[in-house]
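A.B. asks: Using only what follows, build the 3D model:
(chains A and B)
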Amino acid sequence: MTIADVRQNVRSGATPEQIAAEFSETVEAKDHEINAFLSRDVVMADASRSAKPLYGVPIAVKDVIMTKGIKTTAASRMLENHIAVYDAHVVEQLKDAGATIFGKTNCDEFAMGASTEQSAFGPVHNPVNSAYVPGGSSGGSAAAVAADMCVAALGSDTGGSIRQPAAFCGLVGLKPTYGRVSRYGLIALCSSFDTIGPIAKNVTDAATVFEAIAGYDRRDGTTIPNEVPRVIQQLEQSIQGLRVGVPKEYFVEGMDAEVEKLTRAMMKRLESLGATLVDVSLPLSKYAVPTYYVILPAEASSNLARFDGMRYGTRYRNESPESGMSRLWDAYSSSRAKFGPEPKRRMMIGSFVLSSGYADQYYKQAQYVRAKMKQEMDEVFQTVDVLVSATTPTPAFKLGERLKDPLTMYLADVLTSPANITGVPAISMPSGATREGLPVGFQIMGKPLDEATILRVAYQLEQASLV
Amino acid sequence: MQIDSQLVRKLAHLSRIQLSDSEVETFSHQLTSIADFVGTLSEVAGASDLRVRQISGLSNVWSADLPETSIAPDDIIRAFPERDDRTLSVPPIL
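C.D. replies: Sure thing, here's the model as predicted:
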């Protein structure tokens, strides 16, 4: 069911309660196999919002986003009983637009992962084929939408966590420009990369949710004051004459042959819609993942320092050691021992790359490469309107396949992390499926603040595929 | 860059995390391969150029210091991991 379907139902007299009840039945029937939801608490649409664009639309929210009065765990034992005391800005916006907040979705612990296998509450299965991962870290959000357990969902994207699961589950996922959507109430992972965006069944739904959540918020000093354009009104505009850059480095070594074929077919379709393909080069792209895995752990190690077992979250205590300071150390370290392996790994890498003696070699060098990548991206966008590529080099992988080797898992971000490092908006949309039936994603990156153009390109491609 | 068990224990201490002996060994292997991987960044020359360090183009943001409704204290108190009525309990350190 899409947003247009819900609107039709509402026009025919259905109430938000009836619509939510229908989706609850689907969750009841399917989620014991998929494990997409960590909480099924529902906040019903406010009847005074009946004229609003999302009235009665059940939207699930990733469990790293605060929902007042509802358990918000970040899929971690550290917050397993934490009831959020306030709503994130995006949740306020959804409520204001008439949406029904439809449960909290599973994810990798503190959004650290690319498969949703790092959740403390069990992995999520891909609804397309349950032997495969749904992607991550917003894997529960994507699986919930793909299995029609909600209409759309919010995810967060720090290195590809909206786009990669959208690709693996055959959906549309939008990572807005950094600063376009307020991070107030998002549990911080890497504050200079984190974004919130929609995962939806089609481009129009993604655009509708984006319009509802985007815009300035004084509680997030990094939000951009510029007015948010009406992106939906621009979807129908032709892309005749649009200049589409094809970065040669994005056909990475080891790319699956079927993924490459489907990606090139989408490029052909762009040409048939009147766009001009332009070969471009972004030579620093090969350093995107190493840059990402220095800056992210550095910021994450600072952001996760607040989970000390004192003011909120879970506190564990061993038998008290003798001296005072060691009691305090024990309270911290035994509580924080409950973090899963991925947060532990990243906090230690963060401490390593920031520590005296290594900071110049790792952290400062990564900030330098990030700056150079941004320059490179700005220069390419002087000559083209958008950049296109596959979203991921491979389709979904099997559960357990990459879990033992963190580095292989990190490489899943190779085509998505550049947009986070440089702050530009990017969308993933389906390009087709492999012979095995696994969905493949096509990525369109845009200029800063130009979500309108990437949504328009995606919409035009989507319409062309329906013909 | 070898991250041996001694360095893992130091990083765990800096991160305030207790690790078991088997975790120390696993992390030593994993962190070494990650450090080698991210070490490839040193191939990009020119890091001494301070002009390109700052990329965000952002400047400080100021907002008016006005009274506003804050989160209800009782809601915050309910989130304490241990409490005695309205008092936050913490481990004694003295």
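A.B. asks: the helices in chain B, which residues?
C.D. replies: Taking DSSP state H as the criterion, chain B contains helices spanning B:5-14, B:21-38, B:73-78.
A.B. asks: Convert the second one to PDB, retaining C-alpha atoms only.
C.D. replies: To tie it back to what came earlier, the one meant is helix B:21-38. Extracted C-alpha coordinates of helix B:21-38, given in PDB (Å, rounded to 0.1, in the frame of the first residue of the first chain):
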ATOM      1  CA  ASP B  21      40.800 -12.300  27.300                       C
ATOM      2  CA  SER B  22      39.300 -13.900  24.200                       C
ATOM      3  CA  GLU B  23      37.900 -10.500  23.100                       C
ATOM      4  CA  VAL B  24      41.400  -9.000  23.500                       C
ATOM      5  CA  GLU B  25      42.800 -11.600  21.100                       C
ATOM      6  CA  THR B  26      40.000 -11.300  18.500                       C
ATOM      7  CA  PHE B  27      40.200  -7.400  18.600                       C
ATOM      8  CA  SER B  28      43.900  -7.500  18.200                       C
ATOM      9  CA  HIS B  29      43.600  -9.300  14.900                       C
ATOM     10  CA  GLN B  30      40.700  -7.300  13.700                       C
ATOM     11  CA  LEU B  31      42.000  -3.900  14.700                       C
ATOM     12  CA  THR B  32      45.400  -4.600  13.100                       C
ATOM     13  CA  SER B  33      43.800  -5.300   9.700                       C
ATOM     14  CA  ILE B  34      41.500  -2.200  10.000                       C
ATOM     15  CA  ALA B  35      44.500   0.000  11.000                       C
ATOM     16  CA  ASP B  36      46.500  -1.300   7.900                       C
ATOM     17  CA  PHE B  37      43.500  -0.700   5.700                       C
ATOM     18  CA  VAL B  38      42.900   2.900   6.900                       C
END
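A.B. asks: Let me know the pLDDT of the residue nearest to the spatial centre of chain B.
C.D. replies: Nearest to the geometric centre of chain B sits B:S15, at 7.1 Å (CA atoms, centre = their mean). Predicted confidence (pLDDT) for B:S15: 95.
A.B. asks: How about B:A79?
C.D. replies: On the pLDDT scale, B:A79 gets 89.
A.B. asks: for the one 5 residues further on, same thing?
C.D. replies: Predicted confidence (pLDDT) for B:D84: 89.
A.B. asks: Please work out how many residues are found near A:A390.
C.D. replies: Here the number of neighbours of A:A390 (other CB atoms under 10 Å in any protein chain shown) works out to 28. The C-beta positions use only the backbone N, C-alpha and C, and glycine is treated the same way.
A.B. asks: For it, list the residues it contacts.
C.D. replies: A:Y250, A:M255, A:V259, A:E260, A:L262, A:T263, A:L415, A:S431, A:V440, A:G441, A:F442, A:Q443 (CB atoms under 8 Å, 6 or more residues apart in numbering or on different chains).
A.B. asks: same question, A:V244
C.D. replies: Contacts of A:V244 (CB under 8 Å, 6+ apart): A:M267, A:L270, A:A275, A:T276, A:L277, A:V278, A:V384, A:D385, A:V386, A:L387, A:V388, A:V457.
A.B. asks: For A:N129, see how far away the residue found closest to the fourth one once you drop the neighbours it is linked to in the chain is.
C.D. replies: Excluding the flanking residues, the one nearest A:T276 by CB to CB, 6 or more residues apart in numbering or on different chains is A:R243, at 5.4 Å. Separation of A:R243 from A:N129 (CB to CB, to the nearest Å) stands at 37 Å.
A.B. asks: Repeat that for A:S76.
C.D. replies: Counting by CB to CB, the gap from A:S76 to A:N129 is 27 Å.
A.B. asks: Of those two, which one has the most company?
C.D. replies: Neighbours per residue, other CB under 10 Å: of A:S76 and A:N129, the larger number sits with A:S76, 28 against 15.
A.B. asks: Torsion angles phi and psi at that one?
C.D. replies: Here is the backbone geometry of A:S76 (degrees, to the nearest 10): phi -130, psi 150.
A.B. asks: Would you mind naming the helix or strand containing A:T204?
C.D. replies: Using DSSP states H and E, A:T204 falls within helix A:203-213.
A.B. asks: before we move on, the earlier item: and the residue nearest to A:T276, how many neighbours?
C.D. replies: By other CB under 10 Å, neighbour count at A:R243 equals 13.
A.B. asks: just checking, it touches A:Q382?
C.D. replies: No: A:R243 is beyond contact range of A:Q382, at 10.5 Å (criterion: CB atoms under 8 Å).
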